Every structure is written in structure tokens, then in C-alpha cells.
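Enquirer: sequence below, structure please.
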Amino acid sequence: MQYNHQEIEKKWQEYWAKNQTFKADNNSQKPKYYVLDMFPYPSGAGLHVGHPLGYIASDIYARYKRHKGFNVLHPQGYDSFGLPAEQYAIQTGQHPAKTTEENIMTYRRQLDQIGFSFDWSREVRTSDPKYYKWTQWIFIQLFNSWYNKDADKAEDIVTLIAKFEVVGNEEVSAACDDDVEIFSAEEWHQFSEQKKQEILLQYRLAYLSDTEVNWCPALGTVLANDEIVNGVSERGGHPVIRKKMTQWSMRISAYAQRLLDGLNTIDWPQPLKDSQTNWIGRSQGAMVSFNVDGHDAKIDVFTTRPDTIYGVSFMTLAPEHELVSQIVTDKQRKDVEEYQEATAKRSERDRMADVKTISGVFTGAYAIHPFTGKQIPIWIGDYVLASYGTGAVMAVPCGDQRDYDFAKHFGLEIPNIFEGVDISEEAFADKEKTIIANSDFLNGLSYKKAMKTVIYELEKRGIGYGKINYRLRDAVFSRQRYWGEPFPVYYKDGMPQMIDKRYLPIELPEVRNYLPTEDGKPPLGNAEFWAWDTEKNKVVGNDQIDHKTVFPLELNTMPGWAGSSQYFNCYMDPKNDEEIFSKEAIDYWQQVDLYIGGSEHATGHLLYARFWQKFMFDRGCVPVDEFAKKLINQGMILGTSAFTNRMWINYDNKFTSEEFVFISDKAYKNHLDYRFPKDYLVDPKNKKIKDIVYKYVFSQYKIDDIEIEKINIDFLRNHVDISLLKGTTDELDIDQYTSDNRYKDFRPAFFLDENDEIIKDELGKYIVSREVEKMSKSKYNVVNPDAICSAYGADSLRLFEMFLGPLEQSKPWKTSGISGVHSFLKKLWKLFHDKGNFIVSNEEPTKDELKTLHKTIKKVEEDIENFSFNTSVSTFMIAVNELIVLQCNKRAILEPLLILISPYAPHIAEELWEKLGHSESISEAPFPVFDEKHLVESTKNYPISFNGKMRFTLELPLEMSKEEIETTVLSHEKTQAQLQGRTPKKVIVVPGKIVNIVG
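Expert: Sure thing, here's the model as predicted:
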């Protein structure tokens, strides 16, 4: 019987689905282990071979833990709200739900065919109303909570109201807006209900505010910082501008220190921890107030170097700072507004990353130095961000290089406040070597002493105070999209009101189209039924809003990270309609034990999820405040892209060939050896190309007029789909390429037509150039796992992806390499068969067979525990080869070997396990136990040397003494033959190593 992977894999995938083999139990007596992958967004393109890498690794570990006796939860679902489905809806009119459902069906088919041990009974989809009901519920909890700094946790908003009623807010230590006004208990009682609601919004963890956001006009929505790359939207590459809008925000900044501290309690990759640490950006310094000359206004500045305050020679505000329009002089207004408009077109990330450009505009206004009373010019500059600190910088050019460069560029004063330091060429920023000078009461003090002294003085004079600051900003939580979670919010007298839990979920309405409305409202503004009737407690038509009990619903939807910030907990009890999850379920599973996903989510999903988990912990919903004990970032599987090389001919910058010359890889690489086209063309080996170039040039000019120095050649490279290559070679199928409509219709400039020349290699082939880069549909280098599973099988795919290299590293895909692991599986199959018949012996294994088995057990267990899956695959290959040499077909060896292999290649393991007579799945079989005694050597194969030259070997028991070894060796017939009757001068015996006979 031959190894038929297609039949075997289909059989066992159906068996697992029918028997729910991997369904986890919330009430098991076994120890629990929770393995989780970052759930995928179901894109229309489906999976490519790079996507399953992390899933395969987590599946191996989940299966291993089952073998080790654990009750394993290994769920899967879909992060199914997303912009691509909405963009497709805008283009085609097809509802995003339909597109998403079709995409999920593709994903599910592909995931199933790879043989993952997911518990599909717990599947969640973020776009399912039954799921986002609980996302809406968490939002309500956040809205109804505030952060008590004294208790260092979130509490119900009613406890804050109780404080206001007794003592007002002067003694309340809370995370809140910066511009909160102080009021007494008596004043609180006199406030109108609307005024009270406005005040509470300044304290709530989910709140409305006018916020500077990244607005993408083309997508019609706000984008988070992590959704912007190089100043444009990650999706589509559209321009992004800064714009002030009323948005929902999450007060994540209240958790900044706890998010930092929590990193010390979890086993996550250090680079990822560093990313979060830098993103949160803790810094210690002081807040300093500068009055604005001639205005009833002041500028608050946070600085990490208050010791340098006497070096302030100008101030810089963010162009979008609210004070700019108030203080700018009429003379400077035009320049300032033009600068503000230009800055609005740049993203914050772009502004932060651009350290070379120096730009700014003087406002015409001046601040007053808090200690010297001198006037300080106020500028605006795009290197200052309104979202960081206070949006203002006290510029100390002698101590900060960016301020120094700004001052030099605009000719501003650079006073030196450092003792014995030359600042003629650059700023001085070495804190440890700082001695303050020209600074009144700070003169002669070191950095640390000056810091303490100046903060004391600031606080004494009431012009500042010591402060710890964080770069982490509150997270904007509104998106102007259709395809997202609706807010459970309606508006009464302009104030947000929460809908009671009993009436959740508030489902997405049908809309006429998915674009913003004509008057600029989000897509939900197109809905005819999008108002809340507080009497009937249901959604009704917008035409009823005039009634006293009917109010407009929120038009924004939640961002992409909302649904992914608690999904890991929802898997624990996904069918619960009464509560987000039962106490019994959350107390049993606690948290994720192993989380695998990409590092690109470091400052997005992973940070927001930690924030929500800590909030849920504060409110008593979860038992731990970190959701994942251990996290592994898998690397990428890279694609090997293919390129055509086109030669473009230009003469004297006047004539350009209309046709292209397509040249093979070797000819392309050959031109790289030349500095000038002339040298390239006069080389005899490039005669073909020279003839073609001259043909084009001669078509326009007489031969006598041509100067070879004026001929220019450019080489252009363009991606070509790797499916157009012949087999697994680098040869382009010219006929298939020229008939591919994707190139003809959508990329005509890259299309090869009948007028173009083709220069092939010496074998008459057109060889493409290859380059390893990210596997992506846009790079035409995607390898579909469907084709791999069909040709080689899912077990081969699983083994090959692990064999490519360490899990955390990126590695290139090469389809030709998969045949090696497929051959290994065939060898494994043959161990159990003889001439097509299944034959396994019940004989006792030999010492060598046991040695092979137990060294394999030891290595594989160590590898899995260390997530070194690539070396396990090598170990399997070695073991099978050794057992083939030993002609081993013994049950006592092959059964445990199958269990070792089953996490990696589960289909073939299940099939052979069944053939061994087992009726239950191999997935629950106990993991083999390593026994060291089988690796302990009892004999030594001694090299026997004569005068230092080894002549033969002799196997002897290791327990033999030195004297016994000497006697045995000298009496051996081969020794006698070597000595030929002579008596040796000396016999050197090193027990366990060598025997050398001298003389």
C-alpha cells in the first residue's frame, strides 16, 4: 500500500470534525493550558504559505500539551471587521457582511486542510452581533468608570459622584482632562444635570473630546498612528492630514505606569517590550508656566531639563496648538496660517521621523521668562506635536541639538549656561558632566542637585511643579466607517447616553451607500432607521427624532482594535448570552498561556488589549491583569519574487525607443560591471544588445551622426507572477506571459508585445531575476497552500515550514525544497510496510533501536519546550534513517515514534496509529517518557594503535580496568599478528579512550 496523502488527510480531517476531537472542556480535572494565535482578518486573497507559520507552531505545542496530559484550549476565530471589505462595498455595492462571509469560508477551508487542532465550537467573529454585544458592553463599563489615582485602579463612576457630593473635586486624585475647573460640593449640587454630565466626561475612561486626529479624506475616516506608514494610509497609500474632530477616546494614559510595570511580569520578547516601553515613554521633569506678554494667557511646558531654564531663548509651539490663533500678530498671521496648512498634511510619525528639515514661523508674540522676566519670542515649528506633552517646548539651544539647529537656522540667541563648555559648534547634552552657570541660584550645581533645587523653587513661587510625564496619548476610539462595531450611544440634549445592557446588541443598520453623507457625516448617517426610542427601547426611523422619547444614535463606529481587545477571554465561554463569560470559565482558564503572533502589533493590538485587561481586572471581571503569560513573535516566510528586466534606450536625451528590450537575467547582471553605456556596448560579448540599440538609434539618425557617448541605457525591473515560471525553474514561460490579461489590461507598460525584443541566454531561455522580499499579492510572489497540500500534503507543508529555520526568524520560501520532507514521510510510511503490506512486529527491541528512540524522545521534547521546531524535524529524519538501517519494524519503537511525530505530521500519524490497532485518536496518547539508561554506553569501541597508527578497533566493556584492557588487547590475534613475536616496549592505555602499543 502506497502513501496516499490526499486520501489520508481528507479521512482524518473529517474524523476530527465529526468527533470534535479537539473540543476543550471548561470543567476538566486535568491541568489547563491555553494556546492562542492572533486571529486573522479574512481577506479576499485567502491564505498564502506565509500565514500558517505561527499557526503550525502553536498547533504543534497544543498537540504536545495534550500528549502531556493537559486540557488544552486552542480556539480560532476571525477579526472580521475591516476596511478592505468596506472599500469593496463602496466599489461594488456588495454588503461587507456578504464579502466577509465568503472570505471566511475560504479561510476555514484552507485552515481545515492544513490539519489544525482548533476547537471550532468556540469560533468567534468580531462582526457577529452576538459577539460585538460584549464589545459594546465593555465600552459602557469604560464610560461608567473613572481612574482613582489614590487606589491606582478604575472604579465605578458612582464613587466619583459620591466624592463630588461630599467634598467637590479639589481633593480628588483622578486621571482627567487637563482643563478641569475646581468646584466645591455646594457648587456641584447647584450645577444643572447637563453641567454635571459635562464635568463627568472629563473623568470618564471612555469620553468625548475635540481631538487632533489623522484624517484620511480618501478613506473618509480617522486613522490610528499605527495605520499610517510614511505619511500615507497603510491601506491604499492615501494622503493623511491632521484635523480637529469631536471623537470618542479611551483614557489609556491613566494606565501608563501599570502598563510599564506589567512588562516585568510577562514572558514576552524583549524587542517587543522595548517597543511598548518607548511608546509609553516615561520621563521625569517639571511643568513650568510662562505668561504670554500682552495676553491673558499662559503656556505650560513639560521639560525633562528644568535645570536649564536660564538657557531658554525662545519657545516653540505645535502649529496646531490652540493658543496660536489667539496670540499671533496681524503682521505674522498670513505666514503662520500658511505654515499651519502645510503642517496639517503631514502625519505625526512623519514629523517625528524628519530630523533633517528645519522649518518654523515666528508668531510675533512673546512669553515672559518666569525667573528673569525677559521677553522670549514664540515660534511655531512642526517638530513640536500637540499630542505630546503640552504641545509647547521651552527651547534651550545650548543644551538640545534640535533647538540649537533651529536657533542657528533662524539666527536666534544661544546663551551658554554650562560651566567650561564650548557650544560654538554644537549643543551640550551630557547630564552627568553638567555644571550649571549663568543661572542665578543654580550656579555651580550639578545636574541632579540643580534639578531638585529648581523644582523646589518653581513650586515655592507657584510657577511650576515636579512631574512624571508619559508620551502615551489617550487612544482615539472613533472611526468614520460603516463596517465596525456601532456605539451603544444615543444623544440627548447633545450629551451621550448609554443604552441599557438588556437591549444590546445595537446592530448595524442597512444604509443606502457606504460613503460619508453629502454633508460630511459618517456612513451611518445614510441609514433611515438609526434613532433610539427610550420608551420602546429599540431602534426606530430617523423621522421620529422630533418626538420627546426618540434621540439620534452615534454615527461613528468603533476602531479595528475594539473587537480584538477581549477576544481571548471570550473564547473561554463564547456561547454565553447572559454575561461576557461566566466566573467559572474565567477562573478556570485565567489567561492565555502561550500567544503567538506578529511583532507588528506591538504598539497596537497588544498594548490596547493589555489596557482593557487591566481595566477588566480593576472592575472584578477577570482574575489576572495580564492576558498572556508568554508571547512569541514568529518571523515571516518571505517570497522569492521574479523580475523581468527591460532595457530602455535614449539618445542625447532627445530620442527614446517606444519599444522595450526584454533581457535575460545574465545579460542584465552583465551590465552592472560597466560604469558607462559606451563600455558596455563596445564589449564583444554584448554584440546582440549593441545591434538592437543601434537599430533603434539608426531608425532616427544617420550612422555618421551617431556618437556612442550620447547613447544612454536604463534597465527597468518589474515583478512577474511566479506562477508564470516553468515548474520550479527560473525560466519564464513567454507564451503564458504574453497571454496573461493581468499584464495586458492592468499593467500595459510592463506587457511584452510583438514589437519588443527578447534577448535570451545561451540555452535559448528567458531567465528572470530573483529576489527575496515580503510575500505579498502586490509583489506577485504568493505561493498558495492549496497547491502545496494537493501536491505534497498538509503534513509535508507543516514539516517544511518548521524545517525552514527558527520560528522567530524570517526565512525565504522555496517550493523545490518541500520534496525533501515529503520523501521523509514516504520513508516513515515504509517503516510500517513491507512490499505494500502493513507489518509490525511485537518482538523486543534491540539496544540500538532503544537508543535511537530515546535520544529522539529527549531531543524532541527539549526542542518543543524551547520552540526549536526546526531541529525536531532534522531529528525525525535522523531517527527514521537509523531505524531503516536497523530494519526496525517493532511496535515498542514505532508506537512512541508516531506520538513524537504526530504534533508535526498529525494525519500520517493518525493513519498509522489506527493501523497499529488503536480505536482512539493518537492526539490523547501519553507522550513517551525518556529513559536515560538507554543512552548510557556499556562498551567502548577502542582504537588499537601501534606506534601511533591505528590498525584495528576492539569493542570492550567500559567497566574493565586498565590492566584488564592491556591483557585483553595483547592477547588478541590481531595484536599478535602486528607484533610478530616482538615484546612491546610500552603499552599506553587510557580507559574509555585509546590503546597505543609502542615498539
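Enquirer: surely Tyr491 is within a strand?
Expert: Yes: applying DSSP: H, G, I helix; E, B strand; the rest coil, one finds Tyr491 inside a strand.
Enquirer: for beta bridges, what are the partners of it?
Expert: Beta-bridge partners of Tyr491, counted by DSSP bridges, are Pro496.
Enquirer: pretty sure it is touching Leu555, no?
Expert: No: applying Cβ atoms under 8 Å as the test, Tyr491 and Leu555 come out as separate, 9.8 Å apart. All C-beta spots, glycine's among them, are computed from the backbone N, C-alpha and C.
Enquirer: so for those two, which sits in the more crowded spot?
Expert: Leu555 (21 against 15; other Cβ atoms under 10 Å).
Enquirer: low-confidence bits of the stretch 201-350 of the chain, can you list those?
Expert: 225-226 (pLDDT under 70).
Enquirer: quick one, helices of it?
Expert: Assigned by DSSP state H, counting those that start in this stretch, the stretch 201-350 of the chain shows helices spanning 256-262, 270-280, 324-327, 330-343, 348-353.
Enquirer: which residues does the shortest one contact?
Expert: Looking back up the chat, that one is helix 324-327. Contacts to helix 324-327, defined as Cβ atoms under 8 Å, 6 or more residues apart in numbering, come from residues Val292, His295, Ala297, Leu317, Val336, Gln340, Thr363, Gly364, Ala365, Ile378, Ile380.
Enquirer: mind redoing it with 6 Å?
Expert: Residues outside helix 324-327 that contact it (Cβ atoms under 6 Å, 6 or more residues apart in numbering): Val292, His295, Leu317, Thr363, Ala365, Ile380.
Enquirer: in strands, which of those fall?
Expert: When DSSP state E defines the strands, the subset of the contacts of helix 324-327 inside them is Val292, Leu317, Thr363, Ala365, Ile380.
Enquirer: who wins for proximity to Gly77 among the helices of the stretch 201-350 of the chain?
Expert: helix 270-280 (22.8 Å; Cβ to Cβ).
Enquirer: that closest one packs against which elements?
Expert: When contacts are defined as 3 or more Cβ pairs under 6 Å, 6 or more residues apart in numbering; DSSP states H and E, helix 270-280 packs onto helix 256-262.
Enquirer: swap the cut-off to 10 Å and go again
Expert: helix 256-262, helix 605-618, strand 628-633 (3 or more Cβ pairs under 10 Å, 6 or more residues apart in numbering; DSSP states H and E).
Enquirer: and these as a markdown table, adding mean neighbour count and distance to Asn169?
Expert: Listed next are the helices and strands packed on helix 270-280 as a markdown table, based on neighbours: other Cβ atoms under 10 Å; distance: least, Cβ to Cβ, whole Å:
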| stretch | mean neighbour count | distance to Asn169 |
| --- | --- | --- |
| helix 256-262 | 17 | 22 |
| helix 605-618 | 23 | 21 |
| strand 628-633 | 20 | 37 |
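Enquirer: got JSON lines for the ones you listed, with distance to Glu485 too?
Expert: JSON lines is the format used below for these (distance: least, Cβ to Cβ, whole Å):
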{"stretch": "helix 256-262", "distance to Glu485": "23"}
{"stretch": "helix 605-618", "distance to Glu485": "14"}
{"stretch": "strand 628-633", "distance to Glu485": "23"}
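Enquirer: which one of those lies nearest to Gly420?
Expert: helix 256-262 (36.8 Å).
Enquirer: all set, thanks.
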